[in-house]
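Participant: need a structure here:
(one chain, ligands or ions: 1)
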Amino acid sequence: MTTPKSHALKTYCFSLVALTTLALTAFSHAQTTNIDVKDAWVRTSVQGQKATGAFMNITAKDDAKLVGASSPVAGLGEVHEMKMEGDVMKMRAIPALDLPAGKTVALKPGGFHVMLMDLKTPLKKDSTIPLTLRFKDAQGKESTLNLQVNVSTQAPGASSSGSMPGHMQNAPMGHKH
Ligand SMILES: [Cu+2]
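Facilitator: As a prediction, the model looks like this:
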């Protein structure tokens, strides 16, 4: 008889669902009270492209840190910083990005960004992707924020004419992990 075994499995699945529901409730609370994300966008990618960047303006009400990111369209998400090393633009993963209370921190091309790697599908212009950001407050308590982010070729409100000479968008980049 296999009945006892399958019964145990069912109970396990049920408590997993209950736990997930509880966790989501806690997350949406953090979303509405502590951290505000505006102008989020993720850059389009083409077939075969393995990585792209997500950009946004983040304002935390209380001191916090951005410690991670994930999306179902990517195998891996990281918080990156980008800076010049000599005459080469390099980016690298950082464990945490400080979000001082009340100060808007910009994630933008050429600076801090969320890197989505091992892309599972090309990201098409004008579609949206789910993006989950992971934060830590000053006490070290983690919370997450679930976003729907627009896929675009440029920041919302940016002009489509290349008005910024020397813009990094098409510059070759070193990408180290
Ligand atoms: Cu990067």
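
Participant: in the sheet, who's paired with the nearest residue to Ala51 once chain neighbours are set aside?
Facilitator: Nearest in space to Ala51, with sequence neighbours left out and distances taken as C-beta to C-beta, 6 or more residues apart in numbering, is Met117 at 4.5 Å. Placement of C-beta: from N, CA and C, glycine included. Residues in a beta bridge with Met117, per DSSP bridges, are Ala51, Leu76.

Participant: and the gap between Met117 and the ion?
Facilitator: From Met117 across to the ion, the span is 8 Å (C-beta to the ion, to the nearest Å).

Participant: pretty sure that residue contacts Gly75?
Facilitator: Yes - Met117 lies in contact with Gly75 (C-beta atoms under 8 Å); the separation is 6.5 Å.

Participant: these two: which is more packed in?
Facilitator: Met117 (16 against 13; other C-beta atoms under 10 Å).

Participant: report the contact partners of that one.
Facilitator: Counting by C-beta atoms under 8 Å, 6 or more residues apart in numbering, Met117 makes contact with Lys50, Ala51, Ala74, Gly75, Leu76, Gly77, Glu78.

Participant: sheet-wise, list the partners of the host helix or strand of Val151 with their directions.
Facilitator: Per DSSP states H and E: Val151 is located in strand 142-152. Using DSSP bridges, strand 142-152 pairs in its sheet with strand 35-43 (parallel), strand 128-137 (antiparallel).

Participant: what about the chain, any weak spots by pLDDT?
Facilitator: Residue ranges of the chain with pLDDT under 70: 1-33, 159-177.
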